[in-house]
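> Using only what follows, build the 3D model:
(one chain, ligands or ions: 2)
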Amino acid sequence: MNIKVCKFGGSSVKDSFQIEKVLNIVKEDKKRRVIVVSAPGRDERYNEKITDHLLNLATQGNHFYEQKISITAKQSSNVIIEKFEKLCDNLNIEKKTLLEDLKKDLNNKTLKEDKRDAFFLSRGEHYNAKIISAFFKKSNLNAQLKLPEDFKFILSENYCDGKIKKETYKNIEKNFTFENDEIYVVPGFYGVTNSDEIAVMSRGGSDLTGGEIAYALDADMYENWTDTNGVYEVDPRIIDDANVIPRLTFKEIRLLSSKGFNVFHFNAMLNCKKSKIPINIRNTNNPSHKGTMILDERVPMEDLVGIAKLDNMASIHIQKNMLGDEIGFTAELLKIFGEYNVNTYHYPTDKDDIAILVDQEDLKGKINNLRRQIEKRLQTNQITVTYHLSIITLVGIGLKENAFALVDAINALKNNNISFEMLDMSPSKVSFHIGVTQNIADAALRTLYEKLIKS
Ligand SMILES: Nc1ncnc2c1ncn2[C@@H]1O[C@H](COP(=O)(O)OP(=O)(O)O)[C@@H](O)[C@H]1O
Ligand SMILES: N[C@@H](CC(=O)OP(=O)(O)O)C(=O)O
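Ligands and ions are numbered 1, 2, ... in the order given. Have a look, this model is predicted:
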């Protein structure tokens with residue numbers, strides 16, 4: 001279809017000033033016909049995203065308490081209401097019914113546990129899309145609100161980590177007909193289960209909504225608008241003199257975003273890749289910049305294209321004599337991690353050892369039971385857990401032809417007296433991982449960036 005699907009992230013829709021920029025971007029190109037919006041992100045006044053306030057309210061203050069931030073549920077409720085009221089006032093949108101509905105939703109007492117969390121989490125996108133579509137209409141765009149509960153964006157019943165169901169693609173095709181040249185405004189991040197209950201995808205999930213709609217409509221392009229000029233070679237919050245990468249392959253963005261580049265959800269490209277729909281990461285605050293184009297293929301002009309870093313990793317090192325000879329050992333071990341809902345990143349292995357690298361946050365409240373299960377079911381000799389590790393991932397399709405870049409990386413670390421804990425090359429040969437202790441991870445990242453990309 002000759003259209004572009006555009007997703008505007010939380011930073012692009014955090015206040016009325018940003019939403020006016022979004023309007024101008026949409027007006028500039030007639031192909032921008034599906035506009036997926038997030039909940040308001042952090043603003044100058046509040047350091048936390050509206051989605052986090054919603055979760056804090058759902059969990060009666062527990063969400064921020066866990067992060068050692070002291071914001072009560074009541075305070076979160078006030079922030080949410082104030083945010084949406086201000087948006088309506090500044091954009092001159094009728095607010096009475098919207099605020100009544102919002103307050104009713106925020107007082108919901110019937111839903112419990114993860115169904116309650118999911119419902120509250122979804123409200124940021126829900127009300128923001130209502131406001132943005134009303135504002136577009138008022139600004140003479142032929143905008144139409146498309147709610148996931150109406151056109152049936154169907155998710156599985158893992159309420160806070162829902163996965164898209166196949167029938168959704170047909171539902172989108174059927175409902176997004178553009179009969180009267182409409183511009184559809186869609187809240188991202190949430191959907192409904194087959195029994196019409198609200199479910200959300202994983203955090204950052206509005207990127208997924210955009211990718212799935214682009215795929216269902218076979219769009220010409222998926223534009224993902226954020227607050228940076230594109231994807232930088234390294235996280236610009238750590239290294240401020242890095243450049244924007246003009247072109248990346250689907251494979252490269254997937255590796256980089258799953259290993260720390262949180263500019264784009266790592267699953268959002270999967271279906272675009274299938275249909276070869278280009279993804280363009282753009283800056284709402286600088287729309288004349290071309291951004292980063294994500295494509296199926298590019299000419300590799302360099303070995304390495306980007307370096308990502310994941311902090312707060314833990315290594316669970318398991319020792320058992322001859323475990324490498326035990327058929328099914330690794331499968332059973334990974335099954336145990338699965339049962340505790342702990343995502344596993346890497347598992348370097350040897351004859352008598354295996355280490356599983358995980359996000360240490362995932363181990364909270366689980367590590368003791370997890371360890372006991374492993375000991376009981378696999379009769380291990382010793383388990384050692386090391387916390388506060390960082391994984392640095394070097395990515396580039398050019399690495400396939402030049403694995404010696406790995407030697408340059410190790411030499412650069414050696415010359416700067418930076419030691420490492422782990423080294424691992426991926427089977428695809430387009431990435432390798434270096435594990436370091438977290439206190440030296442930023443220095444290691446800078447050293448690798450300067451030696452392997454900047455020079
Ligand atoms: N390599 C990178 N390139 C660009 N941005 C990055 C990178 N790594 C991390 N980021 C961060 O991702 C942020 C954008 O993602 P996010 O906050 O989710 O945006 P949005 O509000 O648009 O959804 C940037 O502001 C930047 O701080
Ligand atoms: N608002 C949701 C979904 C999302 O995609 O947000 P953002 O576009 O701000 O990353 C979240 O915070 O997870």
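> Contacts only, for the residue in the chain positioned nearest to ligand 1.
In the chain, the residue that lies nearest ligand 1 is residue 9 (2.0 Å; C-beta to the nearest ligand atom). Where you see a C-beta, it was placed from the backbone N, CA and C, and this is true even at glycine. Residue 9 is in contact with 38, 41, 206-207, 224-227, counting by C-beta atoms under 8 Å, 6 or more residues apart in numbering.
> In strands, which of those appear?
Among the contacts of residue 9, DSSP state E puts 224-226 in strands.
> related to what we said a few turns ago, filter the contacts of residue 9 to keep only those in contact with ligand 2.
38, 41, 206-207 (C-beta under 6 Å from any ligand atom).
> Pull the most distant pair out of these.
41 and 207 (13.2 Å; C-beta to C-beta).
> more crowded one of these two?
residue 207 (28 against 22; other C-beta atoms under 10 Å).
> pretty sure the more buried one is touching residue 7, no?
Yes - with contact defined as C-beta atoms under 8 Å, residue 207 reaches residue 7; the gap is 6.1 Å.
> picking that back up, could you dump the ones next to ligand 2 among the contacts of residue 9 to JSON lines with pLDDT and distance to ligand 1?
JSON lines is the format used below for those (pLDDT from 0 to 100; distance: C-beta to the nearest ligand atom, whole Å):
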{"residue": "38", "pLDDT": "98", "distance to ligand 1": "6"}
{"residue": "41", "pLDDT": "97", "distance to ligand 1": "5"}
{"residue": "206", "pLDDT": "98", "distance to ligand 1": "7"}
{"residue": "207", "pLDDT": "97", "distance to ligand 1": "7"}
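> want to throw the residues you listed into JSON lines with distance to residue 155?
As requested, the ones next to ligand 2 among the contacts of residue 9 are exported to JSON lines (distance: C-beta to C-beta, whole Å):
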{"residue": "38", "distance to residue 155": "17"}
{"residue": "41", "distance to residue 155": "23"}
{"residue": "206", "distance to residue 155": "14"}
{"residue": "207", "distance to residue 155": "15"}
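> Can you name the residues of the stretch 151-300 of the chain sitting close to ligand 2?
With the criterion set to C-beta under 6 Å from any ligand atom, the stretch 151-300 of the chain comes near ligand 2 through 188-189, 203-207.
> Show the contacting residues for the residue of the stretch 101-250 of the chain found nearest ligand 2.
Using C-beta to the nearest ligand atom, the single residue of the stretch 101-250 of the chain nearest to ligand 2 is residue 206, 3.3 Å away. Counting by C-beta under 8 Å, 6+ apart, residue 206 makes contact with 7, 9-10, 36-38, 125, 188-189.
> and which of these is nearest to residue 181?
Among the contacts of residue 206, and counting by C-beta to C-beta, the member closest to residue 181 is residue 36, at 18.7 Å.
> The closest one: neighbour count?
What residue 36 shows, counting by other C-beta under 10 Å, is a neighbour count of 31.
> so it, which of the three states?
Here residue 36 takes the strand state, with states given by DSSP: H, G, I helix; E, B strand; the rest coil.
> Repeat that for the one 10 residues further on.
The three-state assignment at residue 46 reads coil, by three-state DSSP.
> burial measure for it, as a count.
Neighbours of residue 46 (other C-beta under 10 Å): 18.
> what sits against the residue minimising distance to the centre of the chain?
Nearest residue to the geometric centre of the chain (C-alpha atoms, centre = their mean): residue 265, 3.2 Å. Listed by C-beta under 8 Å, 6+ apart, the contact set of residue 265 reads 202, 204-205, 207-208, 211, 257.
> what helix or strand does it sit in?
For residue 265, there is no enclosing helix or strand under DSSP states H and E.
> now it, nearest residue through space, not along the chain?
Distances taken as C-beta to C-beta, 6 or more residues apart in numbering place residue 207 nearest to residue 265, at 3.7 Å, with adjacent residues excluded.
> same question, residue 379
In space, residue 379 is closest to residue 320, 7.0 Å off (C-beta to C-beta, 6+ apart).
> do the same with residue 353
residue 319 (5.3 Å).
> Do I have it right that that neighbour meets residue 350?
No - at 9.7 Å, residue 319 does not count as touching residue 350 under the criterion of C-beta under 8 Å.
> more crowded one of those two?
Each of residue 319 and residue 350 has its neighbours counted (other C-beta under 10 Å); residue 319 has more, 15 against 10.
> who's in contact with that one?
By C-beta under 8 Å, 6+ apart, the residues touching residue 319 are 352-353, 380-384.
> Return the subset of those lying in strands.
353, 382-384.
> Report the buried members of those residues.
residue 383 (16 or more other C-beta atoms under 10 Å).
> Check whether the lengthiest helix in the chain comes into contact with ligand 1.
The residue-count maximum for a helix in the chain (DSSP state H) belongs to helix 113-138. No - Helix 113-138 lies out of reach of ligand 1 by C-beta under 6 Å from any ligand atom, never closer than 11.6 Å.
> Kindly report the same for stretch 446-455.
No - using C-beta under 6 Å from any ligand atom, stretch 446-455 stays clear of ligand 1, with a minimum separation of 11.1 Å.
> Which strand or helix spans residue 64?
helix 62-66.
> what comes up buried for that helix?
63-64.
> How about the residues of the stretch 1-150 of the chain by ligand 2?
Counting by C-beta under 6 Å from any ligand atom, the residues of the stretch 1-150 of the chain that sit close to ligand 2 are 9-10, 38-39, 41, 49, 51, 124.
> Buried ones from the ones in strands among the contacts of residue 9, can you make that a ChimeraX selection?
ChimeraX command restricting the ones in strands among the contacts of residue 9 to the buried ones, with burial defined by 16+ other C-beta under 10 Å:
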select :224,225,226
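> can you give me the mean pLDDT across the strand or helix carrying residue 77?
Using DSSP H and E, residue 77 maps to helix 73-91. Mean pLDDT, helix 73-91: 98.
> got the angle for it vs helix 113-138?
10 degrees (axes from the mean of the first three to the mean of the last three C-alpha atoms, to 10 degrees).
> So for helix 73-91, what gets flagged as buried?
For helix 73-91, burial by neighbour count (16+ other C-beta under 10 Å) applies to 73, 76-77, 79-80, 83-84, 86-88, 91.
> packing partners for that helix?
With contacts defined as 3 or more C-beta pairs under 8 Å, 6 or more residues apart in numbering; DSSP states H and E, helix 73-91 has these neighbours: helix 16-28, helix 50-58, helix 96-106, helix 113-138.
> Reformat these into CSV and put mean pLDDT and mean neighbour count next to each item.
CSV is the format used below for the helices and strands packed on helix 73-91 (pLDDT from 0 to 100; neighbours: other C-beta atoms under 10 Å):
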stretch, mean pLDDT, mean neighbour count
helix 16-28, 98, 17
helix 50-58, 98, 26
helix 96-106, 98, 14
helix 113-138, 98, 22
